[in-house]
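1. Show me the folded form of this:
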Amino acid sequence: MEEHDPHLLDEAVVLLRGVAAELPENDPTRLAPLWSLKSALQVRYGVYAHPADLDDAVALLRELLAGTPSQHPAVVDARADLADTLLGRFREAGQESDLAEALALYEGGIPGLPNDHPARPGFLAGYADALLARAESAQDAELLDEAIRTAGTAVDSMAKGDHRTPQALCTLGLALRLRFRVRGRTADADAAVTMLRQCAELSIDADPNRPGYFANLGLALADRHAFSGQDEDLDGAIDALRRAVKGLPPESPEQHEAAWCLAAVLKERWDRDGEPTDLDEAIVNARSSIVSGPSGHPGLAVRRWQLGDALFERFELHERREDLDEAVTTLRQASVSAQRSGTPEPAAVNMRLGTVLAERYERYGAEADIGEALELGQAAVAATGDDHPDLPGRVASLGFLLQTSSHRAGRDADLDEAVELLREALRAPLRSPAATAPVSAEAAAAAAAGAGAAAGAEADGAAAPDEEAPDEQEGRNAVTFRLGLALSERFGRRGALADLDSAINAYRTLRDSTPPEHPLHGLASNTLTQLESARAEEI
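-> Numbering: from 1, shown residues only. Reported below is the predicted structural model:
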C-alpha cells in the first residue's frame, strides 16, 4: 500500500490464501490471516474492480463474523465491515438482497452498542448510508427523513478529529441534497451545501475519497444555483468539480462522471457570461467523459448530443471548420446511441443533426449534406405524433431545412413548402427555443440580397406578446424570423407583392414582440426599414 505496487498486492493475496488454507478451520490463529486476506481483497478490488475479489471479501467476512465469539470486541468491527461491504456491492451490482442484509446487520447491531461505545458513531453513519440507499431505491420519503436523522446523530456523536467524520458528513449532505431535489425546500439545499463543504474541508489530502467529496459539493452547489440563480453558486460548483476531476483516478467511473458534470456547469456559465474559455473547457471535459465512460452508458446519447451542440456553438463563435465537422460526427454518433437506447428521443437528435448539416451545406456547399438533412428532418416529423408537444418546433425546423434546400437549382418548390410549414408551426404553441437553425445577421443579409429584406413572420395568426409566456414568445420569434426570411427570398425570386407585404407584417410583429435590447429587435427594425423602402419603390 505504501508503494502502490499491484504486483506486491497480488503476491500478498496468494500468500494469505495459502496460510488460510493450511490452518484448520477450528484453529483460533486462523482468524488473523483471514482478516488480513479480507483487507487485501478489498484493497485489490479498489485497484482492479474485479467483482470476484469483492465476493470473496464478503464470504470471508461472513466466516469471520460466524467464527468470532459473540462477546469478542471484534464482532462489532466484523458486523460493520460486512454491512459496509454488502452496501458497496449493492451500489456496484444492484442486488437488493445485499442491501437488505446490510440493513439487517446495522439494525441488529445498534441495540447492543451503548451510547458511549467508540464504534457507535461509525455504526450509525453506516446505517444512515444504507437507509439513504434504500430511500433512493424505494423512493421512500419517510426513510429519507430517517436517514437524515440518523446521519445527524452520527455526526453529532463523533469526537473532534474523528477520521470518520467526513464520510458521515457526506452521507448527511447527500441525503439532504436528495430531499431538496424531492421537496424543493431551500433550507435542505443550504444544509446540504454546508455539510458537503465541511466534509470536503475536513478531509485530508491523503484521503482517497476527498475528490469525490468535492464532486458532491459541486453538484449540491449546482442544484442550488438552478433553484436560486446565485452566480456564486455556479462559480463554486465549477471550482469544486475542477478539484474533483483533477483528483480522481484518470478514466475511473467517478472521474468521467465528474468531468461530465463539470462540462455541464461550464457550459451553463458560458451561456451566462459568453466567456470562450468556459466553452473550450466544457468541450474538453465533455469529450473526456464520453471517451473514458463505458460504451453502454445510459446517458451516452444525451452526452454526445450536448457535445455536438457545444461544438456547433463554438463553430458559430470562431467559424473553424473542424468544430463544425466534429459537431456533425458527434451528432451522428448521438443518433446511433439514441436509436439503441430510446433516450433522448431519436427524432429530436436527428432533427438537430439535420439543422447542423444544413448549416454546413450553406457554408461549404456539399449537396450530400442538405440531402441528408432533408431526409432526417422529414423522417423526424413523420415519427412525431400529432399530439406531441414538440411537433410544431419540428415542423418549423423542417421548414428551415426546406428553405435551405431551395437554394439548390430547380428546388423552388421547396421554398413554397417551407413557407407553408413555417406558417403551420406558428398556428400552434411553440417551445423555446424552436429547433431551427441559429438566427444571425448573416442570414438576414442573405435574404436582403434577394429582396432588400431579412426576417420575419406574418402577424396573421400570431397572438399578442402579452398573451404568451416568455418561453412561448421566444420560440415564436425564432420561427417568425425564419418565415420572414423565406417570404423575403420568395419575393426576391418571383416579385409577388403579397409575399413582400407578409414579410413586412412579419418583421413588424417581430420588432414589436422583442425588447429593445434583444438582438432580434435591431435586426427586425433594420430589415423592416429595407422592406418598407422596397415596397415604396414598387408603389
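2. Please make it C-alpha for all contacts and neighbour counts, starting now.
-> Fine.
3. Stretch 292-304: which residues count as buried?
-> Residues 292-293, 298, 300-304 are the ones in stretch 292-304 that count as buried (16 or more other CA atoms under 10 Å).
4. Same check on stretch 513-526?
-> 513-514, 520-521, 523-526.
5. Which of the residues you listed sits closest to I283?
-> Among those, L520 lies closest to I283 (CA to CA), at 27.8 Å.
6. now the buried residues of stretch 513-526 as TSV including pLDDT and distance to I283?
-> Shown next, in TSV, are the buried residues of stretch 513-526 (pLDDT from 0 to 100; distance: CA to CA, whole Å):
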residue	pLDDT	distance to I283
S513	92	34
T514	93	32
L520	90	28
H521	92	31
L523	92	30
A524	93	33
S525	94	36
N526	94	35
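7. Switch those over to TSV; also include secondary structure.
-> Below are the buried residues of stretch 513-526 laid out as TSV (DSSP: H, G, I helix; E, B strand; the rest coil):
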residue	secondary structure
S513	coil
T514	coil
L520	helix
H521	helix
L523	helix
A524	helix
S525	helix
N526	helix
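8. Show me which of those is closest to P24.
-> Using CA to CA, L520 comes nearest to P24 of the buried residues of stretch 513-526, at 83.3 Å.
9. circling back to that earlier point, got JSON lines for the buried residues of stretch 513-526, with distance to L421 too?
-> Converted to JSON lines, the buried residues of stretch 513-526 look like this (distance: CA to CA, whole Å):
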{"residue": "S513", "distance to L421": "21"}
{"residue": "T514", "distance to L421": "23"}
{"residue": "L520", "distance to L421": "22"}
{"residue": "H521", "distance to L421": "24"}
{"residue": "L523", "distance to L421": "23"}
{"residue": "A524", "distance to L421": "21"}
{"residue": "S525", "distance to L421": "25"}
{"residue": "N526", "distance to L421": "26"}
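10. hang on, the earlier thing: now, the most widely separated pair of the buried residues of stretch 292-304?
-> So for the buried residues of stretch 292-304, where distance means CA to CA, the most widely separated pair is S292 and V302, at 15.5 Å.
11. Find the helix or strand that R89 is a member of.
-> Per DSSP states H and E: R89 is located in helix 74-93.
12. Which parts of the stretch 51-200 of the chain are strands?
-> When assigned using DSSP state E, counting those that start in this stretch, the stretch 51-200 of the chain turns out to have no strands.
13. the helices in it, which residues?
-> Secondary structure of the stretch 51-200 of the chain (DSSP state H, counting those that start in this stretch): helices at 51-67, 74-93, 96-109, 120-138, 141-157, 165-183, 186-202.
14. mind putting these in TSV, mean neighbour count and mean pLDDT included?
-> Formatted as TSV, the helices of the stretch 51-200 of the chain follow (neighbours: other CA atoms under 10 Å; pLDDT from 0 to 100):
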stretch	mean neighbour count	mean pLDDT
helix 51-67	18	92
helix 74-93	20	91
helix 96-109	18	95
helix 120-138	23	95
helix 141-157	20	96
helix 165-183	24	96
helix 186-202	20	97
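15. want to throw those into TSV with distance to S406?
-> Output for the helices of the stretch 51-200 of the chain, formatted as TSV (distance: least, CA to CA, whole Å):
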stretch	distance to S406
helix 51-67	58
helix 74-93	54
helix 96-109	58
helix 120-138	53
helix 141-157	56
helix 165-183	48
helix 186-202	52
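16. Quick check: which of the ones you listed is nearest to A382?
-> Across those, closest to A382 is helix 165-183 (CA to CA), at 36.1 Å.
17. Just the CA trace of the closest one, in PDB.
-> What follows is helix 165-183 as a C-alpha-only set of coordinates in PDB (Å, rounded to 0.1, in the frame of the first residue of the first chain):
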ATOM      1  CA  THR A 165     -16.500  12.500  10.300                       C
ATOM      2  CA  PRO A 166     -16.000  13.400   6.700                       C
ATOM      3  CA  GLN A 167     -17.800  10.300   5.500                       C
ATOM      4  CA  ALA A 168     -20.700  10.800   7.900                       C
ATOM      5  CA  LEU A 169     -21.000  14.400   6.800                       C
ATOM      6  CA  CYS A 170     -21.000  13.200   3.200                       C
ATOM      7  CA  THR A 171     -23.900  10.900   3.900                       C
ATOM      8  CA  LEU A 172     -25.800  13.600   5.600                       C
ATOM      9  CA  GLY A 173     -25.200  16.100   2.800                       C
ATOM     10  CA  LEU A 174     -26.200  13.600   0.100                       C
ATOM     11  CA  ALA A 175     -29.400  12.800   1.900                       C
ATOM     12  CA  LEU A 176     -30.200  16.500   2.400                       C
ATOM     13  CA  ARG A 177     -29.500  17.100  -1.300                       C
ATOM     14  CA  LEU A 178     -31.800  14.300  -2.300                       C
ATOM     15  CA  ARG A 179     -34.600  15.700  -0.100                       C
ATOM     16  CA  PHE A 180     -34.100  19.100  -1.600                       C
ATOM     17  CA  ARG A 181     -34.500  17.600  -5.100                       C
ATOM     18  CA  VAL A 182     -37.700  15.800  -4.000                       C
ATOM     19  CA  ARG A 183     -39.300  18.500  -2.000                       C
END
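18. Which strands or helices does that helix pack on?
-> Other helices and strands packing on helix 165-183, by 3 or more CA pairs under 8 Å, 6 or more residues apart in numbering; DSSP states H and E, are helix 120-138, helix 141-157, helix 186-202, helix 210-228.
19. The buried residues of stretch 513-526: which two are farthest apart?
-> So, the buried residues of stretch 513-526 by CA to CA: farthest apart are S513 and N526, at 15.0 Å.
20. Among the buried residues of stretch 513-526, which one lies nearest to S502?
-> A524 (13.7 Å).
21. That closest one contacts D512, correct?
-> No: applying CA atoms under 8 Å, one finds A524 not in contact with D512, separated by 9.0 Å.
22. in this structure, which helix or strand is least confident?
-> helix 441-451 (a mean of 37; mean pLDDT, DSSP states H and E).
23. Toward the C-terminus, what is the element adjacent to it?
-> With secondary structure assigned by DSSP H and E, helix 441-451 is succeeded by helix 470-494.
24. Name the residues of that following helix that come out as buried.
-> 472-492.
25. and which of the buried residues of stretch 513-526 is nearest A286?
-> The closest of those, once distances to A286 are taken by CA to CA, is L520, at 30.8 Å.
26. about what we covered before: out of the helices of the stretch 51-200 of the chain, which comes closest to A503?
-> Of all these, the one in closest proximity to A503, counting by CA to CA, is helix 165-183 (46.2 Å).
27. quick one, the closest one and helix 141-157 angle?
-> Computed with axes from the mean of the first three to the mean of the last three CA atoms, to 10 degrees, the direction of helix 165-183 lies at 150 degrees from that of helix 141-157.
28. got a list of contacts for helix 165-183?
-> 122, 125-126, 128-129, 132, 141, 144, 147-148, 151-152, 154-155, 158, 185-186, 188-189, 191-196, 198-200, 202-203, 213, 216, 220, 223 (CA atoms under 8 Å, 6 or more residues apart in numbering).
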